[in-house]
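Chemist: The following block contains a protein sequence and its predicted model.
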Amino acid sequence: MLLPSTSWYDDAMKLVICEKSIAAGRIANILSNGKAVLRRLGKMPYYTFTKAGEEWVVLGLKGHIVNLDYPPEFNRWHGISPLDLIWIEPYKRITNKAVTDALKAFANKASEVVVATDFDREGELIGLEAIEILRKHNKNLKNIKRARFSALTKSEILSAFSNPVEIDYNLAKAAETRQIIDLVWGATLTRFVSMAAKQYGKEFLSIGRVQSPTLAMIVDRERQIKEFVPKPYWQITATLDRNGKFSALHKKDRISSEEEAKRIYEKIKNAREGIVKSVDKTIQKERPPCPFDTTSFLSAASSLLRMSASKAMEVAEELYMQGWISYPRTDNTVYPRSLPIDKTLSLLANSQFSDLTKVVLENRRKTPMRGKKETTDHPPIHPVDIPPFEKLTPEQKNVYTLIVKRFLATLTKDATSETTKALIEINEEPFVAEGYRLIEPTWKLIYPVKTGQKEIPELHENERVDVISLKLLRKETKPPKRFTQGALISQMEKLGLGTKSTRHEIIKKLYSRRYIIGSTPIPTATAFAVVDTIKPYDISKPDMTAQLEKDMDEIAEGKKNENSVIKKSREMLQKVLKSLENNKHEIRHSLRKALTLQNTIGTCPSCGKPLVIRVSSKNKKRFVGCTGYPDCRVTYPLPQKGVITKTDKKCEYCGAPIIKVGKREICINPNCPGKKG
DNA sequence: GCAAGGTC
């Protein structure tokens, strides 16, 4: 391996291994008192400095270096029974060659290695992965230490490096156990359902410890919506006037009996005026939102920017890589003391956000808002620098602006508002008018919030009001709402499903399996069938993750042996799989039926049989074919990209079905007379 | 072509 022409590393040096480059930079800076120099070894950046006559190298990894996989001979899905696959031992495959090469290059120079990866299960394993690669290239490597810190602050880092500990093999084993169990369950059940449904290649179906309970949540909700029986209820509303129009609602609000509603309405319908019986005003403080952690950020991007979770995360990653926002993967909702809030505010004061920053400076709260979750590894997501706005994509602008607004809002005093509740009698029937007025908007001038409440005119007791109109309205109770992507991510967090770094990817995975469609995910027929298939088993429930967490903790504490945990898990899986195999025919039938339903996009204009989306076995391209094949040979080509959904519409020119590709509606017939001219 | 977890 070629190294720069300097000679500092010819002598023994200390090698520090970090989980990511941002940590490497910060640690190098702290250890060297700001004297560390950034260099490159091939593609890999690293930091170097001299301290007390010793040479140091601080290397940032890129997460895991190896991945668990089955040996290549087990990659064939056919011919290997999922039941046998359970007992095949996975092996570790190197997935990051650049990192491996860098470790190899430093292996022989290192007289001492300090593992300084994140202080958690995965971090311990990542550190061990690096050590195993170093050992492979330097058999004499003995001096290995672990610096354990829970925040990238000067005091934490310095104390961690002056009081190093041993690598916690149990903690790493816990992470490894999770990997094995996830792969063994995921791979075998994924292969089972895919083969049962005869869905191969790009079209495979999948099952996993996190994705399946998440999908089950979506399916359960959809079922509640479908099975929901709306109940009628009645409301009586009044439009009134007293120096301005306003509306009031009969105090009973939802009246379930039509008779009663009519009786009340009959009593008042000819009234010309009402009388104000009481006016109650309350002044309340409204707190600004808490600092952004990953979950609340994705939630806000979903509801305020209508952005998908994975898109929002992707954009945040870009902004972070450019140095404009802090690390976007965090569970922390409390700003650490060390955060230079004033400095950031003065940066923002000289930017296009000067007006908003002024609101903060004039209404600054004593201490910033803080959320319930406090961790010390990363701060909440906040702006760290001002980007050149003209160079940002519209999405980057929106996400950056959202993060700035949230940051500013968390530093601003509570807003003050007044709600008014007026009781008005119309022919002795009580009506309630509610009003809402912002007194001091403070952070509400900065951060976008939805408010449906209206102002009403000033009212006084015993005052008369004119009745403009009275209405008896028949309404119906509404089914529960679908999960938005933001709501889904929050719910996953609540149930302990996935992590801050993976939840958005799990949702993306459900889309690419065609389990869900639409920006607010709607489960497809296949999703229903797959969830029904696994419903009786633990893999469909969040409890499996909870149990796994418990086992991991016990392995980490040395109370449980990893091999016995894995063995037990495999035995459980074997029972599940045997039971599934026993029902294979029914499972195949229900999955095939669902897939056909899902793939049906209309009826054949030639023979009237259903037209379905198929994938060509020759070139793997998707097309529309008639289910009357081989008697009917009608086919249509399809665009190979974009989500296809059916519309139930027929082309007015040729009678072929109209489909939606993305958001565009087109007739599937390329020779349609409507397309000429 | 399988999972979920790190990070780019």
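Modeler: In hand now; what should we look at?

Chemist: element containing the spatially most central residue of chain A, please.
Modeler: Taking Cα atoms, centre = their mean, the centroid of chain A lies closest to A:His504, which sits 3.1 Å from it. A:His504 is located in helix A:503-512, with elements delineated by DSSP states H and E.

Chemist: top helix in chain A by residue count?
Modeler: helix A:169-197 (DSSP state H).

Chemist: if you look at that helix, does any of it touch DNA strand B?
Modeler: Yes - residues of helix A:169-197 contacting DNA strand B under Cβ under 7 Å from any atom of the strand: A:Arg178, A:Gln179, A:Asp182, A:Leu183, A:Trp185, A:Gly186, A:Ala187, A:Thr190, A:Arg191, A:Ser194. No exception for glycine: its C-beta is placed from N, CA and C like everyone else's.

Chemist: quick one: which of those residues is nearest to A:Glu55?
Modeler: A:Gln179 (34.9 Å; Cβ to Cβ).

Chemist: near DNA strand B, which residues of the stretch 451-600 of chain A show up?
Modeler: Checking the stretch 451-600 of chain A against DNA strand B by Cβ under 7 Å from any atom of the strand, the hits are A:Gly498, A:Thr499, A:Lys500, A:Ser501, A:Thr502, A:Glu505, A:Ile506, A:Lys509, A:Thr545.

Chemist: ChimeraX command for the buried members of the residues you listed?
Modeler: Filtering those down to the buried ones (16 or more other Cβ atoms under 10 Å) takes a single ChimeraX command:
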select /A:498,499,500,506,509,545
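
Chemist: Direction included, what does the lowest-mean-pLDDT helix or strand in chain A pair against?
Modeler: Lowest on mean pLDDT, DSSP states H and E among the helices and strands of chain A sits strand A:644-650, with a mean of 79. The pairing partners recorded for strand A:644-650 under DSSP bridges are strand A:657-661 (antiparallel).

Chemist: Now the partner strand: average pLDDT?
Modeler: Strand A:657-661 carries an average pLDDT of 83.

Chemist: Would you map the strands across the stretch 1-150 of chain A?
Modeler: A:13-18, A:37-41, A:44-51, A:54-60, A:66-69, A:91-94, A:110-116, A:144-146 (DSSP state E, counting those that start in this stretch).

Chemist: ah, wrong one, I meant the stretch 201-350 of chain A
Modeler: Under DSSP E, counting those that start in this stretch, the stretch 201-350 of chain A gives strands at A:232-241, A:245-250, A:273-286.

Chemist: ok, back up a step: right, and the strands of the stretch 1-150 of chain A - which one's nearest DNA strand B?
Modeler: With Cβ to the nearest atom of the strand, the closest approach to DNA strand B among those belongs to strand A:66-69: 4.3 Å.

Chemist: returning to what we had before: pipe the strands of the stretch 1-150 of chain A into CSV and attach mean pLDDT, mean neighbour count and distance to A:Glu434 per row.
Modeler: Putting the strands of the stretch 1-150 of chain A into CSV (pLDDT from 0 to 100; neighbours: other Cβ atoms under 10 Å; distance: least, Cβ to Cβ, whole Å) gives the following:
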stretch, mean pLDDT, mean neighbour count, distance to A:Glu434
strand A:13-18, 96, 25, 56
strand A:37-41, 94, 13, 60
strand A:44-51, 95, 19, 59
strand A:54-60, 96, 22, 56
strand A:66-69, 96, 17, 57
strand A:91-94, 96, 13, 63
strand A:110-116, 95, 23, 57
strand A:144-146, 96, 21, 60
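
Chemist: Run the chain-centre distance for stretch A:202-220.
Modeler: From the chain centre to the centre of stretch A:202-220 is a distance of 15 Å (Cα atoms, centre = their mean, to the nearest Å).

Chemist: one step back: let me have the strands of the stretch 1-150 of chain A in CSV, extended by distance to DNA strand B.
Modeler: Shown next, in CSV, are those (distance: least, Cβ to the nearest atom of the strand, whole Å):
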stretch, distance to DNA strand B
strand A:13-18, 9
strand A:37-41, 14
strand A:44-51, 10
strand A:54-60, 6
strand A:66-69, 4
strand A:91-94, 8
strand A:110-116, 13
strand A:144-146, 17
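
Chemist: Which one, of those strands, ends up nearest to A:Gly602?
Modeler: Of the strands of the stretch 1-150 of chain A, nearest to A:Gly602 by Cβ to Cβ is strand A:66-69, at 41.6 Å.

Chemist: Just checking: what are the partner strands of the closest one?
Modeler: strand A:91-94 (antiparallel).

Chemist: Touching the partner strand from outside, list them.
Modeler: A:Ile65, A:Val66, A:Asn67, A:Leu68, A:Asp69, A:Tyr70, A:Pro71, A:Thr100, A:Glu129, A:Ile133 (Cβ atoms under 8 Å, 6 or more residues apart in numbering).

Chemist: which parts of the stretch 1-150 of chain A sit against DNA strand B?
Modeler: Going by Cβ under 7 Å from any atom of the strand, the residues of the stretch 1-150 of chain A near DNA strand B are A:19-22, A:60, A:62-65, A:67-70, A:74-78, A:95-96, A:99, A:118, A:120, A:122, A:126.

Chemist: From those, keep the buried residues only.
Modeler: The neighbour count (16+ other Cβ under 10 Å) marks A:19-22, A:60, A:63-65, A:68, A:70, A:77, A:96, A:99, A:118, A:120, A:122, A:126 as buried among these.

Chemist: now, which of these lie within helices?
Modeler: Counting by DSSP H, those place A:Ser21, A:Ile22, A:Val99, A:Glu122, A:Ile126 in helices.

Chemist: Dump those to CSV, plus pLDDT.
Modeler: As requested, those are arranged in CSV below (pLDDT from 0 to 100):
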residue, pLDDT
A:Ser21, 92
A:Ile22, 91
A:Val99, 96
A:Glu122, 96
A:Ile126, 98
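
Chemist: Looking at those, which is nearest A:Arg263?
Modeler: Nearest to A:Arg263 out of those is A:Glu122 (Cβ to Cβ; 66.0 Å).

Chemist: How many residues are close by the residue nearest to the closest one when sequence neighbours are not counted?
Modeler: In space, and not counting its chain neighbours, A:Glu122 is closest to A:Ala175: 5.4 Å by Cβ to Cβ, 6 or more residues apart in numbering. Residues near A:Ala175, counting by other Cβ atoms under 10 Å, number 21.

Chemist: Give me the distance between A:Ala175 and A:Phe192.
Modeler: Separation of A:Ala175 from A:Phe192 (Cβ to Cβ, to the nearest Å): 26 Å.

Chemist: returning to what we had before: which of the residues of helix A:169-197 next to DNA strand B tops the neighbour count?
Modeler: Neighbour-wise, the residues of helix A:169-197 next to DNA strand B (other Cβ under 10 Å) top out at A:Trp185, 25 neighbours.

Chemist: for it, what are its contacts?
Modeler: Contacts of A:Trp185 by Cβ under 8 Å, 6+ apart are A:Ile207, A:Gly208, A:Arg209, A:Ile539, A:Ser569, A:Leu573.

Chemist: what's the spacing between A:Gly655 and A:Gly674?
Modeler: Per Cβ to Cβ, A:Gly655 is found 11 Å from A:Gly674.

Chemist: scratch that, A:Pro340
Modeler: Going from A:Pro340 to A:Gly674 by Cβ to Cβ gives 63 Å.

Chemist: and the stretch 151-300 of chain A, which of its residues are near DNA strand B?
Modeler: So far as Cβ under 7 Å from any atom of the strand goes, the stretch 151-300 of chain A lies against DNA strand B at A:178-179, A:182-183, A:185-187, A:190-191, A:194, A:199-201, A:204, A:206-212.
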